[in-house]
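In: my questions concern the predicted model and sequence given below.
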Amino acid sequence: MNTFQNLHSSGVYVKNNRLENLHIRINQPHKSTGLVIYLHGYGAHNNRPPIEHLANYFNHDGLTLLTFDFHGHGYSDGTRGLVNSVNNLIDDTLVIIHDIYNETISTQYPHLRTLPFFIMGHSMGGGTAILVSSIIKNTLLPFTDYGKAIQKTLNDVNNNFKGTILICPVVKITNFSLFIRQLLSYVSYLFPHLSVPTFIIDENNYNEFTWTNPDYIKYIVCK
């Protein structure tokens, strides 16, 4: 049995405001009493076996799990692993929420817009969940263009939004010196596709079997 076998694409996509297709997966029980929207971490995606286990866990308790791959991750469009701005992560999430109430998801799964829902996020997804939740509850202004455009929808869903579930959320970056921060900002601006050099972080030293295993590589890049 292949331990690292990803799930196939669900075939359901929603286009974000940058015209990238975001891959969506919806797992629902026979009768749903609530909805959980899950936001994955950096370098991850929602097609791995653990996500299927998570879906089964929620479904057993009558909850629908909606997951989507951020741009540049999983089956979604975009350069692999490239996140130019946290605003793009916010907009990816907001377009999914908007779609639940107005567009593709609303047409195929009309009952979802009637359910109370939670936003659940891990790592990068946890940090995004904090910001999106604050926008929905009107404690943070929708500072992205897309956030402003769908403010009416956010007002409509406010009553259905019941809370945020966080797993090791990114809330602060290590406090490097000003020189290092400026240097990294300059390098990332000039070379946005540059990988982290192995003399800084050598992933092969963590677990040789894991990081060099062809099945695991396919599992990570979702191929």
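Out: Looks like it came in fine.
In: mind checking the end-to-end distance for stretch 135-153?
Out: 12 Å (Cα to Cα, to the nearest Å).
In: wait, isn't Asn102 in contact with Thr153?
Out: Yes - with contact defined as Cβ atoms under 8 Å, Asn102 counts as touching Thr153 (6.4 Å). C-beta: built from backbone N, CA, C; applies to glycine.
In: partners of the residue nearest the centre of the chain in the sheet?
Out: Nearest to the mean C-alpha position of the chain, by Cα atoms, centre = their mean, lies Leu39 at 3.5 Å. Taking DSSP bridges as the rule, Leu39 bridges to Gly121.
In: and the residue nearest to Tyr75 when sequence neighbours are not counted, how many neighbours?
Out: Distances taken as Cβ to Cβ, 6 or more residues apart in numbering put His23 closest to Tyr75, at 3.8 Å, once the chain neighbours are dropped. Using other Cβ atoms under 10 Å, His23 has 24 other residues around it.
In: got it, and Ser32?
Out: 18.
In: can you check Asn6 too?
Out: 22.
In: would you agree the residue nearest to Tyr75 falls within a strand?
Out: Yes - per DSSP: H, G, I helix; E, B strand; the rest coil, His23 lies within a strand segment.
In: partners of it in the sheet?
Out: With DSSP bridges as the rule, His23 is bridged to Tyr13.
In: the helix of greatest length in the chain: how far from the chain's middle?
Out: Using DSSP state H to define each element, the chain has its longest helix at helix 86-102. Taking Cα atoms, centre = their mean, to the nearest Å, the mean C-alpha location of helix 86-102 is offset from the chain mean by 10 Å.
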